[in-house]
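Asker: predicted model, plus sequence, below.
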Amino acid sequence: MSGKTGKLFIVAGPSGVGKGTVLKKFLEHNDNLIYSISTTTRKPREGEVEGVNYFYVSREKFEQMIEEDAFLEWAEYSGNLYGTSKKYVTKKLNEGYDIILEIEVQGVKKIMKKNLDAVSIFIMPPSQEVLEERLRGRKTESEEAVQKRLSAAKEEMKNAHLFKYQIKNITVEQAFGELQSVYESEKN
Ligand code: 5GP
């Protein structure tokens, strides 16, 4: 660490685009980079772990946290609430760490309004067909949930131009490589 304040990176992209896999590799390669764990009212999916994937809370608790101004940003997505901890992100940036927020587009817009000097990156699927295949391949969601996520994805894609960078996730290696280049050039 250099003693300087860290940089905030915001990564968004439709659900099922494979952001998680690319980000995992990205985080493994960069010691100074921290993933901000969000708070959500969504129920854990199979295999998800409290404090690793999310902090899972009730809607009542989440609303109380909004009242307490605990979130840097928050949004409702697909019927659930999601929020970024203001305290955690501020503390880590001040300690000199770079932070990644993996959030949806409404939250990104809220961060952009705050002039936090955040670097925004949109991860795109190679095509609509591939996105649909990937969403179905996950098999953790009902057909209704898949349909809901597909239409949310279409809406989200309309916002890709708002981001400073757009990266197509064709393969994990290629998307990771492009993300790493963005990181290195933004750090210098
Ligand atoms: P999922 O339910 O698939 O884990 O997440 C649904 C969407 O919520 C994804 O686009 C994810 O990036 C987004 N998300 C996760 N955490 C946050 C957050 O703290 N704030 C906002 N605005 N979106 C989030």
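Answerer: The structure has been received and is ready for your questions.

Asker: for this structure, which segments count as strands?
Answerer: 8-12, 33-35, 38-40, 54-56, 71-77, 80-85, 98-102, 119-124, 165-168 (DSSP state E).

Asker: out of those strands, which is closest to residue 110?
Answerer: strand 71-77 (4.0 Å; Cβ to Cβ). Glycine gets a C-beta too; all of them are placed from N, C-alpha and C.

Asker: can you list the strands of the chain in a markdown table and add mean pLDDT and distance to the ligand?
Answerer: A markdown table is the format used below for those (pLDDT from 0 to 100; distance: least, Cβ to the nearest ligand atom, whole Å):
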| stretch | mean pLDDT | distance to the ligand |
| --- | --- | --- |
| strand 8-12 | 97 | 6 |
| strand 33-35 | 97 | 11 |
| strand 38-40 | 98 | 3 |
| strand 54-56 | 97 | 7 |
| strand 71-77 | 96 | 4 |
| strand 80-85 | 98 | 3 |
| strand 98-102 | 97 | 5 |
| strand 119-124 | 96 | 10 |
| strand 165-168 | 96 | 15 |
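
Asker: could you check how many residues crowd around the one residue in the chain that gets nearest to the ligand?
Answerer: Residue of the chain nearest the ligand, by Cβ to the nearest ligand atom: residue 107 (2.3 Å). Residue 107: 23 surrounding residues under other Cβ atoms under 10 Å.
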